[in-house]
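K.L.:
sequence and predicted structure, then a few things I'm wondering about:
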Amino acid sequence: MNSTSNSYQKAEDFWLPLDNAAKIYPAIQSKELTSVFRISAVLKERIKIGNLLKAIHSIEERFPYYKVRLRKGFFWYYLEYLNIPISLEVENQRPCREFNKRDKNKLMFRILAIETRISIEFSHILTDGSGGFEFFKSLLTMYFKQRGTAIPEDFDYIRPDTIISKEEFEDSHNKYFKENIPPELKQPKAFHLPFSLNPLPRFDVLLAILSVNEIKNRAEKKGVNMTVYLIALYLFVLQDIYENLNAFSRHKKNKRLRIQVPVNLRNIYPSKSMRNFSLFVMPEIDLRLGHYTFEEIIKTVYHRMQLETDEKLINKIIARNVGSEKKLFVRGIPLFIKSMILYFKYYSLGASQYSGVLTNMGKVKFPPEVSKSIEYFVVTPPPPNKILKINCGVIGFNDKLVLSFGNITKSKEFEKKFLKFLVQQGIKVKLTKY
């Protein structure tokens, strides 16, 4: 950045190296594998476009680290400030579309509106779900202020007139990297769903709306929280699909079922970064040991989540991710070779090691003055790759928990089994689509 002060009163021209988590995405992204996630709010009344445009205008200078474009250096990609207005688009295409990295005059996030739904879509090159949601929270709050809603003074959101902290720009992976920590070991390959792919465009999203209280009560009866309950159910459904394969298919398939679960590291370290600062933990079951009951899976997931979110083990993952890029010989490799290496590592060491993804954004909280005007929120993770095929995003608001199943296959077997189990537990499920 071109300033050495600890805060920024206004946006200036600057450039930023990609944060550690972002470096993989330019190497792997494509028209299908977009690395773009979406967060949506469905309101109780039709959107007032004039108010939304004023809200966008009021906050756009407060988040300069998102008003950037991707540029290509000799050794690394980097982000360069792009001084153009944030536009509002009418939503008329499939969710989570790519941002073309060859388009040098467009931002890598978009704001979309249609009828009662406001959405933001971010490239993971810029930020993770927690950073993106802070932006979205400010946007929605300013929208309701424009509508005449009184916002309580003690409501915690990023106000347009507050000073921009230098900490918001930082790569917290590098900040909290510790030397001389043994890295994580490579894990065996995981089971992957056998379903055939959809024709292009493949990505399809199914939404299921549940009662937060109903599923919370079921989880508490098992002695766990909702996240552990849903991860266990994900593994239970994968096991059921595996066990219903014919003997030859079962023999060929890997026997480990492993779910990738993003963890917001801002809950572990005192980071104020608005860029990527999350890592993945991967609870698993090993089918070579036999069939697991749902209760056994819950117990396994609970203890794995407790263990893998321990700060010392998180330090090992950070050491693995950051340590390799700090090596001199790696830093000296030209970008086009680095990109080929990252692409290979993503498929051989990354996507092959997990069977599914479950992203839980937790429960969204707004003051009652705002909450009364919102029906529910939706979080949709980026389209899954051709190995993974299906993923799930989770977000709660008031008493509505929304599951967003992203699927690139011809089959809906996974979603049917997942939701049928919930219904059998006495949880009402309402299906809807984007």
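P.N.:
Structure's in. What do you need?

K.L.:
dihedrals phi and psi, Phe109?
P.N.:
Phi and psi for Phe109, reported as degrees, to the nearest 10, are phi -150, psi 160.

K.L.:
report the contact partners of it.
P.N.:
Contacts for Phe109 (C-beta atoms under 8 Å, 6 or more residues apart in numbering) come out as 66, 99, 120-123, 126, 132, 135. For the C-beta atoms, the positions are set from N, CA and C on the backbone; glycine is no exception.

K.L.:
could I get the pLDDT score of it?
P.N.:
The score at Phe109 is 97. That number is its pLDDT.

K.L.:
now the helices for the stretch 51-200 of the chain?
P.N.:
Counting by DSSP state H, counting those that start in this stretch, the stretch 51-200 of the chain has helices at residues 129-146, 172-175.

K.L.:
can you give me the strands for the stretch 51-200 of the chain?
P.N.:
Here the stretch 51-200 of the chain has its strands, by DSSP state E, counting those that start in this stretch, at 68-72, 77-81, 88-90, 109-114, 117-123, 164-165.

K.L.:
any idea which helix or strand carries Ile39?
P.N.:
Counting by DSSP states H and E, the element that carries Ile39 is strand 36-43.

K.L.:
who does that strand touch, helix- and strand-wise?
P.N.:
strand 117-123, helix 129-146, strand 374-380 (3 or more C-beta pairs under 8 Å, 6 or more residues apart in numbering; DSSP states H and E).

K.L.:
which one of the ones you listed lies closest to His192?
P.N.:
With C-beta to C-beta, the closest approach to His192 among the helices and strands packed on strand 36-43 belongs to strand 374-380: 21.0 Å.

K.L.:
partner strands of the closest one, parallel or antiparallel?
P.N.:
Strand 374-380 pairs in its sheet with strand 36-43 (antiparallel), by DSSP bridges.

K.L.:
quick one: the partner strand to strand 109-114, angle?
P.N.:
Angle of strand 36-43 versus strand 109-114, following axes from the mean of the first three to the mean of the last three C-alpha atoms, to 10 degrees, is 30 degrees.

K.L.:
how many neighbours does Lys137 have?
P.N.:
Lys137: 20 surrounding residues under other C-beta atoms under 10 Å.

K.L.:
the closest residue in space to it that isn't next to it in sequence - how many residues pack around it?
P.N.:
Nearest residue to Lys137, sequence neighbours excluded (C-beta to C-beta, 6 or more residues apart in numbering): Tyr157, at 4.9 Å. Burial measure for Tyr157: 18 neighbouring residues, criterion other C-beta under 10 Å.

K.L.:
where's the residue lying closest to His57 once chain neighbours are set aside relative to Ser130, distance?
P.N.:
Once flanking residues are discounted, His57 sits nearest to Pro85: 7.7 Å by C-beta to C-beta, 6+ apart. Taking C-beta to C-beta, to the nearest Å as the measure, Pro85 falls 25 Å from Ser130.

K.L.:
ok, these two, which is more surrounded?
P.N.:
Ser130 (19 against 10).

K.L.:
touching, the more buried one and Arg275? I think so.
P.N.:
No: look at Ser130 against Arg275 with C-beta atoms under 8 Å: they stay out of range, at 10.3 Å.

K.L.:
residue contacts, the residue nearest to Lys137?
P.N.:
So Tyr157 contacts 134, 137-138, 141 (C-beta under 8 Å, 6+ apart).

K.L.:
in the residues you listed, which residue is surrounded by the most others?
P.N.:
Thr141 (22 neighbours).

K.L.:
who's in contact with that one?
P.N.:
With contact taken as C-beta under 8 Å, 6+ apart, Thr141 is in contact with 151, 155, 157, 366, 370.

K.L.:
filter those to the buried ones?
P.N.:
151, 157, 366, 370 (16 or more other C-beta atoms under 10 Å).

K.L.:
in a markdown table, list these along with distance to Lys433 and pLDDT.
P.N.:
Shown next, in a markdown table, are the buried ones among the contacts of Thr141 (distance: C-beta to C-beta, whole Å; pLDDT from 0 to 100):
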| residue | distance to Lys433 | pLDDT |
| --- | --- | --- |
| Ile151 | 32 | 96 |
| Tyr157 | 30 | 97 |
| Phe366 | 25 | 97 |
| Val370 | 26 | 96 |
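
K.L.:
ok, Leu230 - contacts?
P.N.:
215, 358, 360, 392, 394, 403 are the contacts of Leu230 under C-beta under 8 Å, 6+ apart.

K.L.:
what do you get if the cut-off is 10 Å, keeping everything else the same?
P.N.:
215, 219, 224, 259, 261, 301, 358, 360, 392, 394, 401, 403, 418, 422 (C-beta atoms under 10 Å, 6 or more residues apart in numbering).

K.L.:
quick check, Lys299 in a strand?
P.N.:
No: counting by DSSP: H, G, I helix; E, B strand; the rest coil, one finds Lys299 to be helix, located in no strand.

K.L.:
now for the closest residue to Glu295 other than its chain neighbours: which residues touch it?
P.N.:
The shortest distance from Glu295 to any non-neighbouring residue, by C-beta to C-beta, 6+ apart, is to Lys222 (7.2 Å). The contact partners of Lys222, by C-beta under 10 Å, 6+ apart, come to 228-229, 232, 294-295, 298-299, 302.

K.L.:
circling back: so which bits of the strand holding Ile39 are buried?
P.N.:
Quick answer for strand 36-43 (16+ other C-beta under 10 Å): 36-43.

K.L.:
alright, I will stop here.
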